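Enquirer: build me a structure from this.
(4 chains)
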Amino acid sequence: MQPVRTLAAEGGGLRHVAQIVSLSEAVAETVRDGVSLALEGFTHLIPFAAGHEVLRQGRRELELIRMTPDILYDQMVGVGAARKLVFSYGGNPGVGSLHRFRDAVEHGWPRAIEVEEHSHAGMANRYVAGAAKLPFAVMRGYAGTDLVEHTQVATVRCPFTGEELAAVPALRPDVAIVHAQESDRDGNVQLWGIPGVQKEAVLAAGRAVVTVERIVDRLELKPGGVVIPGWVIDFVAHAPGGSLPSYALGVTERDNDFYREWDVISRDREHFQGWMREQGLLR
Amino acid sequence: MQPVRTLAAEGGGLRHVAQIVSLSEAVAETVRDGVSLALEGFTHLIPFAAGHEVLRQGRRELELIRMTPDILYDQMVGVGAARKLVFSYGGNPGVGSLHRFRDAVEHGWPRAIEVEEHSHAGMANRYVAGAAKLPFAVMRGYAGTDLVEHTQVATVRCPFTGEELAAVPALRPDVAIVHAQESDRDGNVQLWGIPGVQKEAVLAAGRAVVTVERIVDRLELKPGGVVIPGWVIDFVAHAPGGSLPSYALGVTERDNDFYREWDVISRDREHFQGWMREQGLLR
Amino acid sequence: MSGLEYTNGELQTIVAARSLAGKRSCFIGVGRPSTAALLARMVHNPALVLVYESGTIGAKPYRVPLSIGDGELAQTADLVVSVPEMFNYWIGPGRVQVAFLGAAQIDPHANLNSTVIGDYDRPRTRLPGAGGAPEIATGCEEVVVIAPHTTRTFVDHLDFKTTRGERTTMVITDLGVLEPAGGALTLTAVHPGVSVEQVRENTGFELRASDSVRVSEPPSGEELHALRELLSR
Amino acid sequence: MSGLEYTNGELQTIVAARSLAGKRSCFIGVGRPSTAALLARMVHNPALVLVYESGTIGAKPYRVPLSIGDGELAQTADLVVSVPEMFNYWIGPGRVQVAFLGAAQIDPHANLNSTVIGDYDRPRTRLPGAGGAPEIATGCEEVVVIAPHTTRTFVDHLDFKTTRGERTTMVITDLGVLEPAGGALTLTAVHPGVSVEQVRENTGFELRASDSVRVSEPPSGEELHALRELLSR
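Expert: A predicted model of the protein is given here:
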């Protein structure tokens, strides 16, 4: 792997052609203390390796954005890397609670954390608006729930029918990182299987990083393949197995046992810290 | 081909499972005089056979909706089947004018026709709103153009930033007909190549018909394949070559010569009528 | 009456599966709802379309998935769509008929709480949050809630109203079945061996019972066999 | 100076192709814009990303396509997206750098008319309409207009303002090149053998000329050969 042609950035939101770099370079170049950071992947293709690299580099005060925080954000919140969490479902899917997330919200351990929560439909539409560079999205939802008082949502009236609808503000993370099965040497990326909101997250973000299972000479379009061209990505990094214990369809398998095991590891503060230290994710 | 299991229609916008019927049955069951009818397909997969069947059945007073009227609507407008045309680009792509469309608008021949025009972005977002069953869509556009005075567009203000944006009303055609490469025997449809707004048109419409090149035992997902499940389709009809002189990627080829020839056929009223009679499209 | 031994949890799943007979499509999360929907496809309704919020429509999993995004769901689905498309084109417009939802708290109007126990800003228990529930509950035609029957779950006032209850047609618990009547959830069935009194004791609000409370049909041999076979996969 | 024979139409295409040197992506319609963009990929900028509103991004057609939806565009594209996605995720947010547009009328501010000649309700000539142009012209960073140079095309007042001219950086005609300066299109170059006076005679508004009107570089042998080869495919 070597860097590909790089064109100077110009105005208008156009980006460089993606550079293929190491994961540590990609993270060091984009993720600074205090940024808003979206690591997306809906159950599938969760960018664990990238999130762990953020922790290895010791980043703190992050605004972490993710529809489904999952184990990855439980780990990041648990070591105190997050100032704020923006999300729509903070559970360990099929297992139960995210204990570190709960501990942070319930007891402020290891630090207090600001929470902004939405419904899935709200978060998805916030990403859609961000990808379209519109300031907001219109949807039916939120009305009649207590979410209205506790999150960023407003109403707009349809100018044709008079119906009142919900408006959610665009999500524009400083940085988005997603994981995909493959890229070519120009940083064009393909992912397949459950696509989640990864394309939207990349397009909504100020800077985008994609970690990939493999780098190939030429992308062959797959059934269900979602292609993201290299010129809307800043960095591509080779990170085989980079979504484990989540999975990359056709390449790795979800480690369901680890999802269950996490319930035990994360339940206790010291057990959690010990495990994170062993993994080099906490100093 | 035989009808598949049909469940009784119930409330809530849920439909029957698609019935596989002949093209003439599909059109007779759905297209009545006066309906709003969207025949979609963006250059690719234009449902010519279905549109011709509408003419063979003598339907009139139609509100014809299509982003790019193309030869098909030139034919339908030219025989006087349309009361109104809703569109965004009325040209013969790469060739020039649609002469029958022009004659109708410029001279009211063979009848006066009401016109409602939008930009492509506006039409596309109108279909998106229709598919989502929202009353309108928000976009940037229209502002500062004369379209504002001559079409259905309004403004909404972003409740978060105060920015004023364009609002376009949802499109909800009574009937949508699209063409696809294949369906299975349950009426699940797959199309690939340029997908246009076909999925949106089907989902936005009150009733939906899909004509297909072939009916197979089992759909195999193709690269770029867009699947529309049979339970949001009313009728599937076998119509091989049904998008010619447009094309179905991988099955038929675009008849570019006919697109050029149409310029000659359509330029003159009598030549046009003679040709349409020969084809059985005008009595 | 089969005379078979079973748990009330098993019967709860079986009753939920029965509610999907004759239905066209069902939106499901993980856990018991997923088990019930797979059981429905095995026993009552092989054509039932399963929809998971991960974007898999028409999934045909052989095993009960641990997560809503398991690979098997994508591989067996009729189509797989993005999350925005799932909510905007499929859930929102009401294209999915029945939704199975769970909750930590349920009030007499079938409103649900899955956000916090206690005060929002200083919660006693922070729950996972809304997920897809608010828009699923207003988008789908019918909502079936599946929940354990305790006084902690069935409460007079929710600590947080995450999801509206207007479209709820049935609440299936390990003790019986509640249905809305006259604006409030009403006990319409008890599982065999459960008394109305026992259900009331486990309900945190004043529970009305219908004039003729039914007794749930116990599991048939086929149902029980299929359920156990499914869970052993 | 090559001394080669060529038409001003050929030079117009070649000048348009040159404008794409160093650019990253270009939105193109059919006809001369398509020819120019393909020529740019052959001669000046093999990495240029071609975007057609049919949804094909990174198309690499061997022949000049007749329609924006020809099969070859889909088959050679890096990705193919739906029309809504094209406008909402790619054009609207400004991800495409340059747009080539045509028009039936152009005013001094580079506003374009492609809707009607004459009154809207009783048009003398009904044109195709807006298509993608209004949002392309406000979404892309730079707009290059390619048009024939006649008094019918360059007019003081448009019969219909279809598309706004603020982002237009260049109008390339068969007589020369106009660029915005001080709020109005100004003649900055004439093609070889064309006088400033001749351009003025063919412009329906008072045309300013820059202090130093350049003469367009005539086609190089490579450019002319590539263009003719392209059109013979």
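
Enquirer: ok, residue C:128 to residue C:169 distance?
Expert: 24 Å (Cβ to Cβ, to the nearest Å). To be clear about C-beta, it is placed using only N, CA and C from the backbone, and glycine gets the same treatment.

Enquirer: for residue 38, what are its contacts?
Expert: If you meant another chain, say so; for now it's chain A. Residue A:38 is in contact with A:65, A:66, A:171, A:173, A:175, A:176, A:177, A:201, A:204, A:205, counting by Cβ atoms under 8 Å, 6 or more residues apart in numbering or on different chains.

Enquirer: wait, chain C
Expert: So residue C:38 contacts C:50, C:61, C:64, C:230 (Cβ under 8 Å, 6+ apart).

Enquirer: cutoff 7 Å now
Expert: C:61, C:64, C:230 (Cβ atoms under 7 Å, 6 or more residues apart in numbering or on different chains).

Enquirer: please apply the same query to residue A:110.
Expert: Per Cβ under 7 Å, 6+ apart, neighbours of residue A:110: residue A:80.

Enquirer: with neighbour numbers in mind, choose between residue C:128 and residue C:169.
Expert: Taking other Cβ atoms under 10 Å in any protein chain shown, residue C:128 and residue C:169 do not tie; residue C:128 has more neighbours (24 against 14).

Enquirer: list the buried ones in whichever strand or helix holds residue A:52?
Expert: Applying DSSP states H and E as the criterion places residue A:52 in helix A:48-56. Under the neighbour-count criterion of 16 or more other Cβ atoms under 10 Å in any protein chain shown, helix A:48-56 has A:48, A:49, A:50, A:51, A:52, A:53, A:54, A:55, A:56 buried.

Enquirer: and for stretch C:64-78?
Expert: For stretch C:64-78, the neighbour count (16+ other Cβ under 10 Å) marks C:64-71, C:73-75, C:77-78 as buried.

Enquirer: for the buried residues of helix A:48-56, give me JSON lines that also has pLDDT and distance to residue C:196.
Expert: Supplementary listing: the buried residues of helix A:48-56 in JSON lines, determined by pLDDT from 0 to 100; distance: Cβ to Cβ, whole Å:
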{"residue": "A:48", "pLDDT": "98", "distance to residue C:196": "50"}
{"residue": "A:49", "pLDDT": "98", "distance to residue C:196": "56"}
{"residue": "A:50", "pLDDT": "98", "distance to residue C:196": "55"}
{"residue": "A:51", "pLDDT": "98", "distance to residue C:196": "51"}
{"residue": "A:52", "pLDDT": "98", "distance to residue C:196": "54"}
{"residue": "A:53", "pLDDT": "98", "distance to residue C:196": "58"}
{"residue": "A:54", "pLDDT": "98", "distance to residue C:196": "56"}
{"residue": "A:55", "pLDDT": "98", "distance to residue C:196": "54"}
{"residue": "A:56", "pLDDT": "98", "distance to residue C:196": "59"}
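
Enquirer: in chain C, where is pLDDT below threshold?
Expert: Applying pLDDT under 70 to chain C flags residues C:1-2.

Enquirer: got the residues of it near chain B?
Expert: C:24, C:49, C:57-58, C:78-79, C:88-89, C:92-95, C:97, C:141 (Cβ under 7 Å from any Cβ of the partner chain).

Enquirer: at 6 Å what do you get?
Expert: C:78, C:79, C:88, C:89, C:92, C:93, C:94, C:97, C:141 (Cβ under 6 Å from any Cβ of the partner chain).

Enquirer: which of the residues you listed has the most neighbours?
Expert: Neighbour counts for the residues of chain C next to chain B, by other Cβ under 10 Å, peak at residue C:88, which reaches 27 neighbours.

Enquirer: where in chain A is pLDDT low?
Expert: By pLDDT under 70, the low-scoring segments of chain A are A:1-16.

Enquirer: got the residues of it near chain C?
Expert: A:42-44, A:88-91, A:93-94, A:102, A:105-106, A:117, A:119-121, A:124, A:128, A:140-141, A:144-146, A:150, A:193-197, A:224, A:249, A:256.

Enquirer: name the residue closest to the centre of chain A, please.
Expert: In chain A, the residue lying closest to the centroid (Cα atoms, centre = their mean) is residue A:39, at 1.5 Å.

Enquirer: residue C:32 is in contact with residue C:64, correct?
Expert: No. Between residue C:64 and residue C:32 there is no contact under Cβ atoms under 6 Å: 9.3 Å.

Enquirer: tell me where chain C has strands.
Expert: Using DSSP state E, the strands of chain C run over C:25-27, C:49-51, C:56-59, C:79-80, C:98-101, C:105-106, C:112-113, C:116-118, C:123-126, C:142-146, C:168-172, C:176-181, C:184-190, C:208-215.

Enquirer: quick one: closest of those to residue D:9.
Expert: Using Cβ to Cβ as the measure, strand C:79-80 is the one of the strands of chain C that comes nearest residue D:9, at 47.7 Å.

Enquirer: buried stuff in stretch A:207-215?
Expert: A:207, A:208, A:209, A:210, A:211, A:212, A:213, A:215.

Enquirer: ignore what I typed, I meant stretch A:230-241.
Expert: Buried, per 16+ other Cβ under 10 Å, within stretch A:230-241: A:230, A:231, A:232, A:233, A:234, A:235, A:236, A:237, A:238, A:239.

Enquirer: tally of neighbours for residue 220?
Expert: Defaulting to chain A. Here the count is done by other Cβ under 10 Å, and residue A:220 has 10 residues near it.

Enquirer: oops, wrong one, chain C.
Expert: Residue C:220: 14 neighbours (other Cβ under 10 Å).

Enquirer: what sits closest to residue C:176 if chain neighbours are left out?
Expert: Among residues not flanking residue C:176 along the chain, residue C:190 sits closest, at 4.0 Å (Cβ to Cβ, 6 or more residues apart in numbering or on different chains).

Enquirer: around chain B, pick out the residues from the stretch 1-150 of chain A.
Expert: A:135, A:136, A:138.

Enquirer: how far away is residue C:172 from residue C:8?
Expert: Residue C:172 is 11 Å from residue C:8, by Cβ to Cβ.

Enquirer: meant to ask about residue A:129, not that
Expert: In terms of Cβ to Cβ, residue A:129 sits 46 Å off from residue C:8.

Enquirer: now do residue A:250
Expert: 41 Å.

Enquirer: those two: who's more crowded?
Expert: The residue with more neighbours, out of residue A:250 and residue C:8, is residue C:8; 19 against 14, by other Cβ under 10 Å.

Enquirer: wait, the more buried one touches residue C:176, no?
Expert: No. With contact defined as Cβ under 6 Å, residue C:8 and residue C:176 do not form a contacting pair (9.4 Å).

Enquirer: what do the two both touch?
Expert: Shared contacts of residue C:8 and residue C:176, defined by Cβ atoms under 6 Å, 6 or more residues apart in numbering or on different chains, comprise residue C:191.
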